[in-house]
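Engineer: Quick one, fold the following:
(one chain, ligands or ions: 1)
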Amino acid sequence: MRTQVAIVGAGPAGLLLAHLLAADGVESIVVESRSEEYVAARIRAGILEQSTVDLLRASGLGDRLDREGDQHHGIYLQWPGERHHLDFVELTGRSVWVYGQTEVQADLAAVAHARGQEIHYEVGDTALHDLDTDRPSVTFTDRSGAAQRIEADVVVGCDGSFGPSRAEVSSAVRRTWEKTYPYSWLGVLAAVAPSTDELIYAWHPDGFAMHSMRSETVSRLYLQVPNDTPIEDWSDDRIWEALATRLGHGQDGWTLTPGPITDKSVLPMRSFVQTPMRHGRLFLAGDAAHIVPPTGAKGLNLAAADVGLLAPALVAMLRKGDHTLADAYSETALRRVWRCTHFSWWMTTMLHTSGDPFEAELQLSQLRWVCSSQAGATGLAENYAGLPIGF
Ligand code: PHB
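Structural biologist: Below you'll find the model as predicted:
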């Protein structure tokens, strides 16, 4: 097979890249180790920031998002006895949308199907070759077990932190940074109307809790739990009890309505960055180059921002022979990556209890400052609602 861009990974980064390239006349082939059903169903992020929504709309992917997505003006931040609303629109003129990654993925899969995008699912033994030359390639075994090769001008790794792409950046230049947090999230989906109009981030001595949502009938909730917590320890009743305590059920007349839990999982919390995001004819985008902890909902947005920079860079390179943007890609993308890495770390460490009483007082002081100072609130709002693409 021969194409212009071989894309490894059919998650949101890979499919959005294929879509943006196709809109500018650049062809691609996508390979994915998982099944189409698995990729479509996995439960991930739920919040789109302003610049992601702008990018999706500008590329013709805004229709269902505008119909079914729920625009939120801000979030609630709380600790025992106090709940404060931060209004991002008032503070920064920007907002966020509740529209799940599964919905974005469904929209991307639908447009890929409509334009006849070549995607190979359930491939094995994916390997990247000749990335230092102008004729890189990707080899794999397809679903039927046959060996395949894609020759391309460029390879893009959108294959997450477990995919083969990121290890291809030469160890002579590769740098990595990693932080594992001493707690995890227990996340549940519940078939019940959200008990709040906008997301609640709650600091509590028992640990962080969050009330998010996916729709008018589906709530998404999280609890801080110790690492390696056996999920069997968390019965539905115990989860709802902990959520009620930490989210402040009964406080100022607010109530949490429990409902049937339809999905339950434990998510580790990790920060990871690998540089550079380019090696020869290989470019990395999304989780292949960086992982953020989920607090602040930056993972999907950062992947979209990478692709929003990379697509025009590849179009200029492959259609006009202009390498300027491609040469600047890694450095430009990493400015935003480090901003989001800091913001996610800051939100995480401000809201999760470590058991250290000194840290707890600092967290509460920080929360009070964010909620009472225009400067503090604006800083959080600017980062949460998202800096413009190209920041
Ligand atoms: C989610 O709805 O899954 C979600 C929302 C906000 C976050 C993290 C996760 O900060």
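Engineer: which parts of the chain sit against the ligand?
Structural biologist: With C-beta under 6 Å from any ligand atom as the criterion, the chain meets the ligand at residues 45-47, 199, 212, 220, 294-297. (Glycine included, C-beta is placed from N, CA and C.)
Engineer: Lowest-confidence one in those residues?
Structural biologist: Lowest-confidence member of those: Ala45, scoring 87 (pLDDT).
Engineer: the helices in the stretch 201-350 of the chain, which residues?
Structural biologist: For the stretch 201-350 of the chain, the helices defined by DSSP state H, counting those that start in this stretch cover 236-247, 299-320, 324-351.
Engineer: returning to that earlier point: and which of the residues of the chain next to the ligand is nearest to Ala152?
Structural biologist: Closest approach to Ala152 among those (C-beta to C-beta): Ala45, at 29.0 Å.
Engineer: Quick one: neighbours of the closest residue to that closest one other than its chain neighbours, just the number.
Structural biologist: Computed as C-beta to C-beta, 6 or more residues apart in numbering, the closest residue to Ala45 that is not its neighbour in sequence is Leu300, at 4.1 Å. Neighbour count of Leu300, defined by other C-beta atoms under 10 Å: 25.
Engineer: Need phi/psi at His85.
Structural biologist: When read as degrees, to the nearest 10, the backbone of His85 gives phi -100, psi 130.
Engineer: Count residues in the vicinity of it, would you?
Structural biologist: So His85, with other C-beta under 10 Å, has 16 neighbours.
Engineer: what about the nearest residue to it once chain neighbours are set aside, which helix or strand?
Structural biologist: Nearest residue to His85 in three dimensions, chain neighbours excluded: Tyr76, at 5.4 Å (C-beta to C-beta, 6+ apart). Tyr76 belongs to strand 74-79 when assigned by DSSP states H and E.
Engineer: residues making contact with that strand?
Structural biologist: The contact list for strand 74-79, computed with C-beta atoms under 8 Å, 6 or more residues apart in numbering, reads 83-91, 95, 196, 198-204, 247-248, 364, 367, 370-371, 381, 384.
Engineer: Of those residues, just the buried ones, ChimeraX syntax please.
Structural biologist: In ChimeraX syntax, the buried subset of the contacts of strand 74-79 is picked out as below (16 or more other C-beta atoms under 10 Å):
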select :83,84,85,86,88,89,91,95,196,198,199,200,201,202,203,204,247,248,367,370,371,381,384
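Engineer: Sitting in strands, which of the contacts of strand 74-79 do you find?
Structural biologist: If you go by DSSP state E, the contacts of strand 74-79 have 83-87, 200-202 in strands.
Engineer: quick check, nearest of those residues to Trp234?
Structural biologist: Looking across those and measuring by C-beta to C-beta, the closest to Trp234 is Ala202, at 17.6 Å.
Engineer: That closest one contacts Arg246, correct?
Structural biologist: Yes. Here Ala202 reaches Arg246: they are 5.4 Å apart, a contact under C-beta atoms under 8 Å.
Engineer: What strands line up against the strand holding Tyr76, and which way round?
Structural biologist: Strand 74-79 has the following sheet partners, assigned by DSSP bridges: strand 82-87 (antiparallel), strand 200-202 (parallel).
Engineer: Can you say which of the ones you listed is nearest to Asp24?
Structural biologist: strand 82-87 (37.1 Å).
Engineer: ok, so what distance separates Pro388 from Gln50?
Structural biologist: Pro388 is 8 Å from Gln50, where distance means C-beta to C-beta, to the nearest Å.
Engineer: where do the helices sit along the stretch 1-150 of the chain?
Structural biologist: So, for the stretch 1-150 of the chain - with DSSP H, counting those that start in this stretch - the helices run 12-23, 36-41, 50-58, 63-68, 88-92, 101-115.
Engineer: what's the overlap in contacts for Ala202 and Arg246?
Structural biologist: With C-beta under 8 Å, 6+ apart as the test, Ala202 and Arg246 both reach 208-209.
Engineer: one step back: quick one: the residue nearest to Ala45 from Arg135, how far?
Structural biologist: Computed as C-beta to C-beta, the Leu300 to Arg135 distance reads 33 Å.
Engineer: Leu367 now?
Structural biologist: 54 Å.
Engineer: what's the neighbour count on the residue in the stretch 101-250 of the chain that the ligand sits nearest to?
Structural biologist: Closest residue of the stretch 101-250 of the chain to the ligand, C-beta to the nearest ligand atom: Ser212 (3.2 Å). Applying other C-beta under 10 Å, we find 25 residues neighbouring Ser212.
Engineer: Once you drop chain neighbours, what's closest to it?
Structural biologist: For Ser212, the closest residue by C-beta to C-beta, 6+ apart turns out to be Arg220, at 4.2 Å.
Engineer: thinking that neighbour is in contact with Trp185, fair?
Structural biologist: No. Using C-beta under 8 Å as the test, Arg220 is too far from Trp185 to be in contact (10.9 Å).
Engineer: Run a quick neighbour tally on Gly11.
Structural biologist: Around Gly11 there are 26 residues (other C-beta under 10 Å).
Engineer: ok, now the one 10 residues further on?
Structural biologist: Neighbours of Leu21 under the rule other C-beta under 10 Å: 25.
Engineer: Kindly report the same for Leu108.
Structural biologist: The burial count for Leu108: 24, using other C-beta under 10 Å.
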